[in-house]
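Enquirer: my questions are about this predicted structure, shown below with the sequence.
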Amino acid sequence: MEVNKKPWPILSVCSIKSRIDTNPDFQRPAVWSTAQKQLLIDTILRGYDIPKFYWRKTSKSPESYAVVDGQQRLRAIFDFQAERIGLPRDADPIEGVTVAAMKYLQLPEELRLRFENYVLDVVVLSDTSEDEVREMFLRLQNGTSLKAQEKRNAMSGNMRGFVKSLVEHEFFTRCNFSNSRFTHDHVAAQMTLMELHGGPCNVKNANLNAMYAEHAGFDTNSKKARKVKRVLDYLARAFPEKAPELERFSVLSLFGLVSHCLERYAFGDSAQALCEWFIRFEQERAAQVQLTDEDMSAEFVQYREHTSHSTDSEASLEWRQSFLLQRFLQALPALELKDEQRLFSTEQRKAIFRRDQGMCQLRLRCDGAPCEWDAWEADHRVAWSQGGKSTVENGQVACPACNSAKGAGD
């Protein structure tokens, strides 16, 4: 990597701004407020020093550049020169000259020339690789307020590229949260980590950082990679239009639910049913949160807690996915397991138990006795030996005495 320092007057920099990329893909979006921009312009007009700029030369004829460090400052300079912003309304006079609220062309000639001739210290990087530029970016940002996903976005490796490709998936256009400061990247990374783990897991920043580092050579055509895309394809079919219900806290749990169901259930034709159920569920949740804690359903009190605290922990994600899966199976009781196994799954057992309110439905040795969770049997209404399916619809709660009375194979 070749490094050259170049003093560059602001007017000269503004003259080639079309050849300066202020937002290469490793950079975070523009985040400076107007007040921050105004402070920089005020600093320049008073002749104070500002930090160096780092640019990467991307072509020689004509010379083009990508900003490695200093893009927020450069955007502020361009905005002032283009008269998109002015100085603060409460700006103090500069050497006795009133400048409050003035824009670039309103400045007295002496101050305008001072701005135009102010020399920026630009460090130009030539003959650099992508990895070198990303490493330089991360080192230069050390100690600044970059968010964790903004730092991961600047990391090299296949995992970073895979996550970026997921963000382009049409499903993210249906979500009710923006990609401000790489929020979509963050959620896509969490989805990927869950799929690599095989289900709910800790998806905190430290876990995501480790994933990016450990899977720098990630095979983007691997079975796991294809599965992530398959789940997103299914979600996009389920939600063909932007849905206000698709908030950040719910999308990850929906991803886990769909991933689980695609593996275990005959789920292919259920996309529309998933959408309709989830909208009804969100309507019920919205009605519940309007109630006091005393009047709210205990399950929704727990759901609220798990979607507002430690939302990226394994315990929280596991509880939410289990709760949503139970509710979904109650809404689609005919959903069949892919295989021909006789036993009901844990999720099906939960859905059957809740639907039957824990009361024995066989009534061969009791009158519908209440059952404890650890002391009941999931019984097939139509016996499995007679072709009955292991579905919630074909299941019922049976107390041990009634289940024994029914007889094996019934």
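Expert: Done, it's in.

Enquirer: who does Ala66 form a beta bridge with?
Expert: The residues listed as beta-bridge partners of Ala66 by DSSP bridges are Asp21, Arg56.

Enquirer: that one - how many residues pack around it?
Expert: 21 (other C-beta atoms under 10 Å). In short, each C-beta sits where N, CA and C put it, glycine included.

Enquirer: now swap in Val31 and tell me
Expert: 15.

Enquirer: can you check Asp185 too?
Expert: Asp185 has 21 neighbours, counted by other C-beta under 10 Å.

Enquirer: the host helix or strand of it packs against which elements?
Expert: Using DSSP states H and E, Asp185 falls within helix 183-197. Counting contacts by 3 or more C-beta pairs under 8 Å, 6 or more residues apart in numbering; DSSP states H and E, helix 183-197 packs against helix 148-153, helix 158-167, helix 205-214, helix 223-238, helix 248-264.

Enquirer: mean pLDDT, mean neighbour count and distance to Phe323 for those helices - can I get that in CSV?
Expert: Written out in CSV, the entries for those read as follows (pLDDT from 0 to 100; neighbours: other C-beta atoms under 10 Å; distance: least, C-beta to C-beta, whole Å):
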stretch, mean pLDDT, mean neighbour count, distance to Phe323
helix 148-153, 77, 22, 27
helix 158-167, 94, 19, 26
helix 205-214, 92, 16, 22
helix 223-238, 96, 18, 19
helix 248-264, 93, 20, 8
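
Enquirer: so which of these is nearest Val187?
Expert: Evaluated with C-beta to C-beta, the helices and strands packed on helix 183-197 place helix 248-264 nearest to Val187, the distance being 6.1 Å.

Enquirer: residues in contact with the helix or strand following that closest one: which ones?
Expert: Where DSSP H and E defines the elements, the next helix or strand beyond helix 248-264 is helix 271-289. Under the contact criterion C-beta atoms under 8 Å, 6 or more residues apart in numbering, helix 271-289 has outside partners 234, 237-239, 243, 245, 250, 254, 258, 296-297, 300, 303-304, 324, 327-328, 331-332.

Enquirer: buried ones in the helix holding Asp185?
Expert: Of the residues in helix 183-197, those with enough neighbours to count as buried (16 or more other C-beta atoms under 10 Å) are 183-196.

Enquirer: now it, how far from the centre of its chain.
Expert: Counting by C-alpha atoms, centre = their mean, to the nearest Å, helix 183-197 is centred 7 Å from the centre of its parent chain.

Enquirer: what does stretch 5-17 give?
Expert: When C-alpha coordinates are averaged (C-alpha atoms, centre = their mean), stretch 5-17 and its chain have centres 38 Å apart.

Enquirer: that one spans what distance, first to last residue?
Expert: Stretch 5-17 has its terminal residues 19 Å apart, counting by C-alpha to C-alpha, to the nearest Å.

Enquirer: ok, stretch 382-394 next?
Expert: Across stretch 382-394, first to last residue, C-alpha to C-alpha, it's 7 Å.

Enquirer: same thing with stretch 137-147?
Expert: Criterion C-alpha to C-alpha; first-to-last residue distance in stretch 137-147 is 14 Å.

Enquirer: now stretch 93-110
Expert: Start and end residues of stretch 93-110 are separated by 14 Å (C-alpha to C-alpha).

Enquirer: quick check: mean pLDDT of that stretch?
Expert: In this model, stretch 93-110 carries a mean pLDDT of 94.

Enquirer: just to revisit the earlier point, redo the buried residues of helix 183-197 as JSON lines? Include pLDDT.
Expert: Shown next, in JSON lines, are the buried residues of helix 183-197 (pLDDT from 0 to 100):
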{"residue": "Thr183", "pLDDT": "91"}
{"residue": "His184", "pLDDT": "94"}
{"residue": "Asp185", "pLDDT": "93"}
{"residue": "His186", "pLDDT": "93"}
{"residue": "Val187", "pLDDT": "96"}
{"residue": "Ala188", "pLDDT": "96"}
{"residue": "Ala189", "pLDDT": "96"}
{"residue": "Gln190", "pLDDT": "97"}
{"residue": "Met191", "pLDDT": "97"}
{"residue": "Thr192", "pLDDT": "98"}
{"residue": "Leu193", "pLDDT": "97"}
{"residue": "Met194", "pLDDT": "97"}
{"residue": "Glu195", "pLDDT": "97"}
{"residue": "Leu196", "pLDDT": "97"}
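
Enquirer: save those residues as a markdown table, and put in distance to Arg75 too.
Expert: As requested, the buried residues of helix 183-197 are exported to a markdown table (distance: C-beta to C-beta, whole Å):
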| residue | distance to Arg75 |
| --- | --- |
| Thr183 | 21 |
| His184 | 22 |
| Asp185 | 21 |
| His186 | 23 |
| Val187 | 26 |
| Ala188 | 26 |
| Ala189 | 27 |
| Gln190 | 30 |
| Met191 | 32 |
| Thr192 | 31 |
| Leu193 | 33 |
| Met194 | 36 |
| Glu195 | 37 |
| Leu196 | 37 |
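
Enquirer: Ala331: how many residues sit nearby?
Expert: Ala331: 17 surrounding residues under other C-beta under 10 Å.

Enquirer: what does Phe328 give?
Expert: 24.

Enquirer: what is the burial count for the residue lying closest to Glu263 once chain neighbours are set aside?
Expert: When the adjacent residues along the chain are set aside, Glu263 lies closest to Lys338, with 7.8 Å between them (C-beta to C-beta, 6 or more residues apart in numbering). Number of residues near Lys338 (other C-beta under 10 Å) recorded here: 12.

Enquirer: strands along this protein, start to end?
Expert: Assignment of strands within the chain using DSSP state E yields the ranges 2-9, 20-21, 53-60, 63-69, 119-126, 377-380, 395-398.

Enquirer: mind putting the helices and strands packed on helix 183-197 into TSV with distance to Leu291?
Expert: Output for these, formatted as TSV (distance: least, C-beta to C-beta, whole Å):
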stretch	distance to Leu291
helix 148-153	35
helix 158-167	37
helix 205-214	34
helix 223-238	29
helix 248-264	19
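
Enquirer: picking that back up, now do the helix holding Asp185 and helix 158-167, the angle between them.
Expert: Between the axes of helix 183-197 and helix 158-167, defined by axes from the mean of the first three to the mean of the last three C-alpha atoms, to 10 degrees, the angle is 120 degrees.

Enquirer: show me what helix 183-197 is in contact with.
Expert: Residues lying outside helix 183-197 but in contact with it, judged by C-beta under 8 Å, 6+ apart, are 148-149, 152-153, 159, 162-164, 166-167, 172, 175, 177, 179, 200-201, 203, 207-208, 211-212, 215, 224, 227-228, 231-232, 248, 251-252, 255-256, 259, 312, 317.
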